[in-house]
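>>> this is a predicted model, with the sequence first.
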Amino acid sequence: MKYLRNEKKMAPMLSDEMRENIEKLYKHSLKLMENPETLDEAIQKLYLILNVDPDNAKAKYAISRALVIKGDNVNALKYLKGINEKDVNEEQVERILGILTQNSKSPPAPEKKDVEITQVAETPVSDTSLLTAGIVISIILIVSYFSLNFLTEGYLVGWDSMSHVFKTWFTVESLQGRSNFDWCEYWYQGSPIMPMYAPLFYIISALVTIVTSLNALEASKWLVFISYPISSLSFYYFTRRKSCDLASFSGAIFYGLIPWHFTYVTILGNPTYSLCFIFMPPLFKYLEGKKELDIVYSAISLSLITLSHQGTGFLLVYFLVWFSFLKGITASDVKKTMKKMLYMLGISAGFLSFFWIPYLYYSNYASSFKVPFELKYESILQIFQKDHFMYLGLPLVVLLLLTTMIVLLTIDPEGIVYTVMTYLSLILTVGYTNPKIQFFYPFTRLLGGGYRFNIVTSFMISMLLFTAINEMPKIFDKIKNRFNIKTNIKGSQITVPIIFLVAILSVTTALNISEFSNIPIPEDHHTIYSIIMNDPNTGRVWWLPRGAKQTSIPIFTSRSTPDGWYDQAASQSVYNVIHDLADSKIYTDPEYFVSKLSELSVRFLIVPSGELSRALSLVDGLVLRHQTQEITLFYNNNVEQLTINSPPLQSELVRGLSLIASIIFSLVILFYYKYRKGNLEIK
């Protein structure tokens, strides 16, 4: 390169302590460069390094970057000329040289003065650090306030939530050696429920249960509660590097309080989604990174999302194809973005070998791919229906439309990408059953309902909002100059009221959805659980009509159930028997239903009090044990010994080989990037 010098200079003699302090000051300068408001401070610190160590190539490259940002191309070029190509990657320098103009005029660099660097590690906390600390504390307090109700007494709120609590309880049993993690004896006649479902939520909450005095239900509640402020902090951390803290703060609050973040737990009853929100920001942050190592970080993020909820992970793969393609178009390099995305998917698949290999293996013993998926049309109007999991609310819809207008006015490529992907995911969410829209999403039966796009849509809308707030000063200044408006108001000043408006709208909407609470456990349930636990006879428990609450029976009684609510984890034959009895025969042929209870080794039957309980009380073999106005407990005298199916013969081998595959793959990636240093830009 004609701009790079290769001549050797005598480096100053620096002590190890001095070099360590220089490195700390250099890293601190890079952090300051992430915020436009502290760019000048970063430049001054880099000058300080060069005064002590004039040949520090990293500092020269960093200061040239900062000067380019400020438009001081002449001095930027001056520092680039002094960089040794052996010290800094040539492509990095070329990237800056490509945007420099030779005829730029700018003032000369500040005169160097003799100074010493001695106590860098003890640099006083700057105003920026105090602002960041205040923002972080505010995010934690605001978002935590609205998720406090997850800690109330009772069953965890939501349709399916208690089935997830059971998996936490079963994971505790497995970790403590009382059960086989891959084969659950408490559901059906033995079932591979854990290999068929993403385990991250259950493993974390189980570990919390083991190391604290909390039970599985309490640990699950705490994990859900904590996930909300952490997801907002994740959004803030992975966006603030590229813009002002206030825009990131506003987006983080919005991301933490968007209704879909709550309704997927409070209505759908799936707490595992809450972890997906945490890992979404780093996924997209690193996917847009320039270094090869960023591919690995994005693969780790996608892997963690998949391990939180595999349906969301699989669906994200489809979404990322569209996202990367659109990114490639705006960057005029589709091949590069698509290649990077494919690398990321391959690395993620390698990391997840320990999950997807057993998943595919056990699918032969379950009905996971055979259970019919009910296609249910979702209306766009449901985003205004407060008691529906699709609820978004009128204020946020208006905010979304205004945000879209602002972003489109900026003609910012990144904003346009987020706009298009926001509306694409929104359309797929509410119309995935529409034949015309199925052209864009033909994988409903394979990947599940398109309503899961709401999770990624929540992130896209938040990024759209963040981009709009960040671009508002530029738009204001353009309008002011275009129409020659004379005012002392600066563009940066108008962001403050906008941020307050966003915060008010977010909090107002959150107030509408934070009225939920956990479901108090009725005294009747405690009584029935006590009767079942204290009965000396063996036998299982069945709670009808079918529902997720029955899956938690083992938690409260230590007895198994012939059902499990998760039909995908049952064999096809058991699936057929359970549905025939629970959906039909109990109502049309009670005698036949009761006769089958003996074969299924059901000792206790729980049903609602009323017409159904009266019909069952007339059948021989059932004895009324306990009855209230709401619920009835029957005792079955004739119970046959049930043989629980054993796990497949090769199950331990499959699990072992899959773990080895993941470990070997991870080590290969680790050593590869250790020697490559992960700093090369993707070509």
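Cool, the structure landed.
>>> does F634 belong to a helix, a strand or coil?
Three-state assignment for F634 (DSSP: H, G, I helix; E, B strand; the rest coil): strand.
>>> actually V208, sorry about that
Secondary structure, three-state DSSP: V208 is helix.
>>> residues in contact with it?
By CB atoms under 8 Å, 6 or more residues apart in numbering, the contact list for V208 reads L214, A219, W222, L223. The way it works is simple: take the backbone N, C-alpha and C, and place the C-beta from them, glycine included.
>>> and the residues you listed as TSV, adding distance to L283?
Rendered in TSV, the data for the contacts of V208 read as follows (distance: CB to CB, whole Å):
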residue	distance to L283
L214	30
A219	26
W222	25
L223	20
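>>> please list the members of these that lie in strands.
With DSSP state E as the criterion, strands contain none of the contacts of V208.
>>> the residues you listed, buried ones only, as a ChimeraX selection?
Of the contacts of V208, the buried ones can be selected in ChimeraX as follows, counting by 16 or more other CB atoms under 10 Å:
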select :214,219,222,223
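>>> between the contacts of V208, which sits nearest P259?
Of all the contacts of V208, P259 sits closest to L223, with 20.6 Å by CB to CB.
>>> what segments of the chain are strands?
For the chain, strands defined by DSSP E occupy the ranges 540-543, 602-608, 622-627, 631-636.
>>> not counting its own residues, what contacts the last one?
Residues outside strand 631-636 that contact it (CB under 8 Å, 6+ apart) are 522, 524-525, 528, 531-532, 539, 594, 597-598, 602-609, 613, 616-617, 621-627.
>>> redo that, cut-off 6 Å
Residues from elsewhere that reach strand 631-636 (CB atoms under 6 Å, 6 or more residues apart in numbering): 524, 528, 597, 602-603, 605-607, 609, 613, 622-623, 625-626.
>>> rewinding a little: ok, so of the contacts of V208, who is nearest T643?
The shortest approach to T643 among those belongs to A219, at 33.0 Å (CB to CB).
>>> now the residue nearest in space to the middle of the chain: how far from D245?
Nearest to the mean C-alpha position of the chain, by CA atoms, centre = their mean, lies C276 at 2.2 Å. As defined by CB to CB, to the nearest Å, C276 lies at a distance of 25 Å from D245.
>>> from the contacts of strand 631-636, which is closest to H164?
For these, the nearest to H164 is I606 (20.7 Å; CB to CB).
>>> and the pLDDT for that closest one?
pLDDT recorded at I606 is 93.
>>> number of nearby residues for the nearest residue to it once chain neighbours are set aside?
Distance criterion CB to CB, 6 or more residues apart in numbering; nearest residue to I606, sequence neighbours excluded, is W543 at 4.3 Å. By the criterion of other CB atoms under 10 Å, W543 has 21 neighbours.
>>> go on, the one 4 residues further on?
The local packing of G547 (other CB under 10 Å) involves 14 other residues.
>>> now the helices for the stretch 451-600 of the chain?
Along the stretch 451-600 of the chain, counting by DSSP state H, counting those that start in this stretch, helices occupy 453-482, 495-513, 523-534, 553-557, 572-580, 586-588, 590-599.
>>> please convert the ones you listed to TSV, extending it with mean pLDDT, distance to F201 and mean neighbour count.
Shown next, in TSV, are those (pLDDT from 0 to 100; distance: least, CB to CB, whole Å; neighbours: other CB atoms under 10 Å):
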stretch	mean pLDDT	distance to F201	mean neighbour count
helix 453-482	81	14	22
helix 495-513	67	21	16
helix 523-534	92	24	15
helix 553-557	91	16	20
helix 572-580	82	25	16
helix 586-588	89	33	15
helix 590-599	88	33	18
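>>> ok, V296 - how many residues close by?
By other CB under 10 Å, neighbour count at V296 equals 23.
>>> quick one: pLDDT of L396?
pLDDT, read off for L396, is 81.
>>> cool, and D245?
Taking D245 on its own, its pLDDT is 71.
>>> where's it relative to E414, distance?
From D245 over to E414 the distance is 19 Å, taken as CB to CB.
>>> cool, M533 as well?
Distance, M533 to E414, by CB to CB: 58 Å.
>>> more neighbours: which of D245 and E414?
Neighbour comparison, D245 and E414: the larger count goes to D245, with 20 against 17 (by other CB under 10 Å).
>>> enumerate every residue touching the more buried one.
D245 touches I135, counting by CB under 6 Å, 6+ apart.
>>> the residue nearest to I606 touches T551, doesn't it?
No. Look at W543 against T551 with CB atoms under 6 Å: they stay out of range, at 9.0 Å.
>>> residues near R178, how many?
Residues near R178, counting by other CB under 10 Å, number 9.
>>> local confidence estimate at it?
88.
>>> how far away is it from Q641?
Distance of R178 to Q641, given as CB to CB: 21 Å.
>>> quick one: L402 from L316, how far?
Applying CB to CB to L402 and L316 gives a distance of 28 Å.
>>> tell me which of these two has more neighbours.
Taking neighbours as other CB under 10 Å, L402 and L316 compare with L316 leading, 26 against 14.
>>> quickly note the distance from the more buried one to S163.
From L316 over to S163 the distance is 23 Å, taken as CB to CB.
>>> quick revisit: and of the contacts of V208, the nearest to E652?
Nearest to E652 among these, with distances taken as CB to CB, is A219, at 27.9 Å.
>>> the closest one touches L207, doesn't it?
No. With contact defined as CB under 6 Å, A219 does not count as touching L207 (8.5 Å).
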